[in-house]
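just a sequence and a predicted model for now, questions to come.
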Amino acid sequence: IIDHTRPGKSRTKQLDKLIFSHYTKTRIEDVRKSWRDVGLPNWKIRMLNEAVRAFHRKEYASTVNTLITHWEGLIQEKVNDNSFRMSRKTRDNLGKLVDANGYDEIVASFCKEFIFYKCESQEEVKADVPGRHGIAHSWFDRYPSRKIALNAILFTDFLLKLEPLPAEDGQQN
């Protein structure tokens, strides 16, 4: 698609169609079911499951709003950081996790530029990505799309599958 189309809406639509054809309901359900084995308490799994089920019902706002509320906590738990949660620290901790799990810098860059990016007004909201700040502070200017909701599910899955950093002296994961 990239080799045979010019940059623009047509290319984006074709890429989106390809992604949505890959992430069928069955495949998304497989992702959801895999979360049972990540060691979260049952009540958290239940909340994550409800978010995915909302996605299937086309309730994308419920999906996105539920999932983004877990991201900072998941990241801090995986780096054994019990301090007050702040966006800058979350970005730094995510960078440590991504690096420790052997991902390229491009993954950390994506997270900083599209998930935990600086967003302090409606004009700074980036389209089609589940930017945590834009959503958490109600700066988005339209109902979340299927694409944003799928990205939220996939990012949540990415976080859940990251291996935690080793605990330091006396701390536990």
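Everything's here; your move.

could you pull out the buried residues of the helix or strand that contains residue 19?
In this structure, residue 19 is located in helix 9-22 according to DSSP states H and E. Buried positions in helix 9-22, judged by neighbour count with 16 or more other Cβ atoms under 10 Å: none. Heads up, the C-betas are built off the backbone N, CA and C, glycines and all.

can we start the residue count at 53 from this point?
Sure, I'll start numbering at 53, so the last one becomes helix 61-74.

for it, what is the average pLDDT?
Helix 61-74 comes out with an average pLDDT of 86.

residues in contact with that helix?
Helix 61-74 has contacts (Cβ atoms under 8 Å, 6 or more residues apart in numbering) with 53, 54, 57, 198, 199, 202.

show the pLDDT at the first one.
We have a pLDDT of 73 for residue 53.

the third one too?
Confidence per residue is given as pLDDT, and for residue 57 that number is 76.

which residues are in contact with it?
Residue 57 makes contact with 63, 66, according to Cβ under 8 Å, 6+ apart.

ditto for the first one
The neighbours of residue 53, taking Cβ under 8 Å, 6+ apart as the test, are 63, 66, 67, 70.

for the second one, same thing?
By Cβ under 8 Å, 6+ apart, the residues touching residue 54 are 63, 67.

with adjacent residues omitted, what lies nearest to the most centrally placed residue in the chain?
To find the centre residue of the chain, average its C-alpha atoms and take the closest one (Cα atoms, centre = their mean): that gives residue 207, at 2.7 Å. In space, and not counting its chain neighbours, residue 207 is closest to residue 167: 6.1 Å by Cβ to Cβ, 6 or more residues apart in numbering.

number of residues surrounding that neighbour?
Residue 167 has 23 neighbours, counted by other Cβ atoms under 10 Å.

how far does the longest helix seen in the chain sit from the chain's center?
Using DSSP state H to define each element, the chain has its longest helix at helix 112-130. The chain centroid and the centroid of helix 112-130 are separated by 7 Å under Cα atoms, centre = their mean, to the nearest Å.

quick one, the helix or strand just after it and helix 112-130 angle?
From helix 112-130 onward toward the C-terminus, using DSSP H and E, the following helix or strand is helix 139-152. Inter-element angle recorded for helix 139-152 and helix 112-130: 70 degrees (by axes from the mean of the first three to the mean of the last three Cα atoms, to 10 degrees).

state the mean pLDDT of the longest helix of the chain.
Taken as a whole, helix 112-130 carries a mean pLDDT of 94.

which residues sit against that helix?
Surrounding helix 112-130, the residues in contact under the criterion Cβ under 8 Å, 6+ apart are 96, 99-100, 102-104, 106-107, 134-135, 137, 142, 145-146, 149, 167, 182, 184, 187-188, 195-198, 200-201, 204-205, 207-208, 211-212, 214-217, 225.
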